[in-house]
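Novice: whatever this is, show me its structure:
(one chain, ligands or ions: 1)
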Amino acid sequence: MAQAYHPSRVNSPSNQLANFDGLSGEGQLKVEDIQEAYVEQKDRLVNAIDATQGILREIRTFNKNEWIIRYPQYKEAFEAVSPVSASRRKSLRRSLSFADDPATETEVVVRKKLQRSVTVSPISENTEEEETDEDASSDFNVLRLDLKLGPNSTVTSLVSQLEKSSIANLLDERIGASLNHVDKLRLRVEDTSSKVLVTGDLNAGKSTFVNALLRREVMPVDQQPCTTAFCEVHDAAENQGVEEVHVISQSVSYDANDESTFTRAPLSELEGIVGENENTERILKLYLADTRTPSESLLNNGVVDISLIDAPGLNRDSLKTTALFARQEEIDVVVFVVSAENHFTLSAREFLANASKEKAYLFIVVNKFEQIKNKEKCRRLVLEQIKQLSPRTHESADDLVHFVDSAAALQPYAPNPSFDDLESALRSFVLVKRSKSKLHPVSTYLNNLLGDIELLAGANSIVATTELEQAKESLAQIKPVLERMKNGRESLEEGLETLEEEGANGASSRSKVTLAQALERVGQGKLGVNDPSVSFPSYPGILGVWDYARDVRKALLASLDFAVHLAEDEARITTSAGVDRIKDLGEKYLPAGVERNRRVFMPEAMFSTIRKANKGSTKGRRSSAVVAGGIYGLGIGLAQQSELLETTFFDLFDVHHQVWLHLSDGQPDKTNKDDDESSAPTALGLASVGVGALTMVGGQAVGAKGFIEGIIRVTDLFGNETVRKWAAPVLGAVTIGMTAYLILELPNSIPKTVGRRVRTSVLHLHGEDDLSFVDAHALRISRETRKVLRLASWDLKGRFNGAMEERGKEVHVKEEIAKKATRAMEWFGELCRKSEEIRVSARLGIDV
Ligand SMILES: Nc1nc2c(ncn2[C@@H]2O[C@H](COP(=O)(O)OP(=O)(O)OP(=O)(O)O)[C@@H](O)[C@H]2O)c(=O)[nH]1
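Specialist: You can find the predicted model right below:
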């Protein structure tokens, strides 16, 4: 069978239908070419659908797991430029903002690549030189989010309620909806069934025409005019190869797999069924096995499963029903059969006028043409009528209007080229229409969807680039700081340790010097320190000697207190200097922007705490008082301690000291100088106490030294006669003289005696850790100094480590952002590439 599609139009300049649908090329086109073109386009679309679904799913996953996709909004960026360049720029430049951040706008360029395909990139220096594209679309078609709440609400007002992620969720939902829609589109593209409605005037030969197409006399001809059944002819392959009739029960939707929706009948009963169902608009499904090859068969053509619907002849009653039927979306093609003898009746005109509104192109079969004598006149008249009824059909009349004799086509072995032409044209028309009705909307949708994906990718690429740049900028600032901190950490710690050590040691050694000097002076009967607040009492005379000794003791103790106070003051100065140096270290090592220690060091607050007595110490109370610097207002409060203030006889006459002086040739024994008199109550000592007591009883205070010296000399003289004679008066005179001497010496000797004793007492006060007065205080002061310095250095270390940690975290965060942004840039770039690839391979926007 010849398959030439347009043999008469090999050189035809216009082939509007074919041109319109992109299925026609230069020269003669065979129906196979159209079939092939259709199949190719269908396959390309199915692949494009699968690939698009793939990238939509990837977007959702990426949006969910890796990058919150930002939803861009574009508006034209108007600039005060010359009118020419303004018109150029208007379509090029867009102001890009994001739904979650409408205040921040970036100027971008929207470039057209393929039809309806745009890319977005930031403004560059060369932008001005680029070609203008007035049609460049820069808004979303498919993935548009309706972010407006009402007529007066703007995106801005809504955004306050929408987080970035909420918009990303909305976008995700939109993508989800789009995925579902693409699923439906896939089914639509893959659905190979196509319905051809055959209708026309009563008795025009519709059934004969359908039989001719089937090359079988299946449809009953010469039925009563009131036959109202719609006979839908399908390939038997759709019914497991069984030829039969399915009589569809009224008011149910037919399902071939659901027996309850139809009644089966053999083909032989078709005529009877059609006859029975007069006046009822029934639908009958006919399954026929077409034995012809796919290239010959219309029903089983290997490309689409065409089903033919033999509609009732048009009359007043059936007109409306048939018109409604023809309007159905699933009807791809309406074939109108008109008898060449009768032309178009009123009903036919009415139907065609309506149908041409729905379907711009109609396939018209002018039947029984062989019977017409003046064929040219008939052809002319019919075409004129068609021109009136369906102008578009008339324009493509060569393809769409066929003058045939259907009855003759049923004759076996009789060549019928005009019917063959019709058949080829009808098949091509079905395919072209199908391409237009099924493939074109899918192609448009995919193209728009991919365009949206590219817009989204372009905008998000800009966001990622900006984020990457910002992160890099921050990293360039923070990383060196962190590096410096890491490198400086050790030397800072060393510096702090040294400062602490130096401070504590310095305070200790200074205190030792100060206190040792003071104690030495006190031992010599002088005030430990010279200060106007501590004065030496004046000697009140022999009668006030007791009080004098007490006052001297008190003054010396107070001067020692003052010395401790001085040592503490010195330590305060040392500590202050140490704290300042710690601050300097802070300035050196802490990076800018880190809060410095705001606490002010108060030296006066040092040494103000009372240390609790050591547990188990028998001298608990005493040691508590010793270290209670400041408790009495002066250092350690020695001058207020009753046991130290206690004045004894030995403050007046230090017999013990005198004995030692004498026995060691007037040199006090240095090794035993710290000995307490109470710890060595010698016999001599006791004797001297007795003599002392005697002299006191006699109303005179006699110095032990003088007294003992006297006794020694007196005993030396007793062996001499003359001496014995003069002994009594001499002894009396000596005693008187010595007594006078001692009394006169008291103002000088008391301070020394008291000083010595005070020094000894004080030295023994500090039993803690068996340390001396000086060492105990030096230790206490250095501890306090160390404590303060340590606190300051801990604070600095804390700040330093905190700042380092913070910067470390910041670096980590920025690095993560940079990593994410880099990945996003690559990902969106790849997305654009994939999207473009889909467009190109599916020829979206080109083949329509
Ligand atoms: N000579 C000739 N007769 C035809 C042709 N087509 C149909 N007929 C005859 O016209 C009569 C009507 O044919 P049908 O096919 O029943 O017409 P129809 O349009 O289906 O009729 P209704 O369904 O009743 O409207 C029959 O007697 C056919 O034999 C044709 O091409 N040439």
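Novice: gap between the closest residue to residue 577 other than its chain neighbours and residue 779?
Specialist: Among residues not flanking residue 577 along the chain, residue 503 sits closest, at 7.7 Å (CB to CB, 6 or more residues apart in numbering). Every C-beta, even on glycine, is put in place using the N, C-alpha and C of the backbone. Distance of residue 503 to residue 779, computed by CB to CB, to the nearest Å: 14 Å.
Novice: who has more neighbours out of these two?
Specialist: More crowded of residue 503 and residue 779, by other CB atoms under 10 Å: residue 503, with 27 against 19.
Novice: give me the element that one is part of.
Specialist: Per DSSP states H and E, residue 503 falls inside helix 440-523.
Novice: run the chain-centre distance for that helix.
Specialist: Helix 440-523 sits 20 Å away from the centroid of its parent chain (CA atoms, centre = their mean, to the nearest Å).
Novice: ok, stretch 803-810 next?
Specialist: Distance of stretch 803-810 from the chain centroid (CA atoms, centre = their mean) equals 18 Å.
Novice: buried set for it?
Specialist: In terms of neighbour count (16 or more other CB atoms under 10 Å), stretch 803-810 has its buried residues at 803-804, 807, 810.
Novice: now stretch 747-765
Specialist: Here stretch 747-765 shows 747, 749-763, 765 as buried, counting by 16+ other CB under 10 Å.
Novice: and for the closest residue to the ligand within the stretch 251-400 of the chain, the neighbour number?
Specialist: The ligand sits closest to residue 313 of the stretch 251-400 of the chain, with a gap of 2.5 Å, by CB to the nearest ligand atom. Residue neighbour count, defined by other CB under 10 Å, stands at 26 for residue 313.
Novice: kindly report the same for residue 465.
Specialist: Other residues near residue 465 come to 17 when the count uses other CB under 10 Å.
Novice: would you mind listing what in this protein touches the ligand?
Specialist: 202-208, 221-223, 225, 227, 313, 367-368, 371, 405-407 (CB under 6 Å from any ligand atom).
Novice: re earlier: just put the buried residues of stretch 803-810 in TSV and tack on secondary structure.
Specialist: Shown next, in TSV, are the buried residues of stretch 803-810 (DSSP: H, G, I helix; E, B strand; the rest coil):
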residue	secondary structure
803	helix
804	helix
807	helix
810	helix
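Novice: wait, which of those is closest to residue 172?
Specialist: Distance to residue 172, by CB to CB, is smallest for residue 810 among those, at 30.6 Å.
Novice: how about that closest one: what's its closest non-neighbour residue?
Specialist: Excluding its sequence neighbours, the residue lying closest to residue 810 (CB to CB, 6+ apart) is residue 478, at 5.4 Å.
Novice: which residues touch the one you found?
Specialist: 807, 810-811, 814 (CB atoms under 8 Å, 6 or more residues apart in numbering).
Novice: export the residues you listed to a markdown table and tack on pLDDT and distance to residue 826?
Specialist: A markdown table is the format used below for the contacts of residue 478 (pLDDT from 0 to 100; distance: CB to CB, whole Å):
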| residue | pLDDT | distance to residue 826 |
| --- | --- | --- |
| 807 | 92 | 28 |
| 810 | 92 | 24 |
| 811 | 94 | 22 |
| 814 | 94 | 19 |
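Novice: now for those: which two are most distant?
Specialist: 807 and 814 (10.2 Å).
Novice: restricted to helices, list the residues of the chain next to the ligand.
Specialist: Here DSSP state H is the test, and these give 206-208, 406-407 as lying in helices.
Novice: farthest pair within the residues you listed?
Specialist: 206 and 407 (12.3 Å).
Novice: so for the two, which sits in the more crowded spot?
Specialist: When residue 206 and residue 407 are compared for neighbours, residue 206 comes out ahead with 30 against 17, by other CB under 10 Å.
Novice: what's the closest non-adjacent residue to the more buried one?
Specialist: Nearest residue to residue 206, sequence neighbours excluded (CB to CB, 6+ apart): residue 337, at 4.7 Å.
Novice: which residues does the one you found bridge with?
Specialist: Applying DSSP bridges to residue 337 gives these bridge partners: residue 200, residue 365.
Novice: how many neighbours does it have?
Specialist: Using other CB under 10 Å, residue 337 is surrounded by 27 other residues.
Novice: check contacts around it.
Specialist: Counting by CB under 8 Å, 6+ apart, residue 337 touches 198-201, 204-206, 209, 365, 367.
Novice: same check on residue 248?
Specialist: 254, 261-262, 282-285.
Novice: now the residues you listed in a markdown table, with secondary structure and pLDDT?
Specialist: Below are the contacts of residue 248 laid out as a markdown table (DSSP: H, G, I helix; E, B strand; the rest coil; pLDDT from 0 to 100):
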| residue | secondary structure | pLDDT |
| --- | --- | --- |
| 254 | coil | 86 |
| 261 | helix | 88 |
| 262 | strand | 89 |
| 282 | coil | 74 |
| 283 | strand | 81 |
| 284 | strand | 87 |
| 285 | strand | 90 |
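Novice: nearest spatial neighbour of whatever residue of the stretch 101-250 of the chain ends up closest to the ligand, chain-adjacent residues omitted?
Specialist: Going by CB to the nearest ligand atom, the ligand is nearest to residue 205 of the stretch 101-250 of the chain, at 2.7 Å. The shortest distance from residue 205 to any non-neighbouring residue, by CB to CB, 6+ apart, is to residue 367 (4.2 Å).
Novice: pretty sure the one you found is touching residue 406, no?
Specialist: Yes: between residue 367 and residue 406 there is a contact under CB atoms under 8 Å: 5.3 Å.
Novice: strands of the stretch 301-450 of the chain, start to end?
Specialist: Ranges of strands within the stretch 301-450 of the chain are 305-310, 331-339, 363-367, 401-403, based on DSSP state E, counting those that start in this stretch.
Novice: likewise for the chain?
Specialist: Under the criterion DSSP state E, the chain carries strands at the ranges 72-76, 93-98, 101-112, 118-122, 193-200, 230-235, 244-248, 262-265, 283-288, 305-310, 331-339, 363-367, 401-403.
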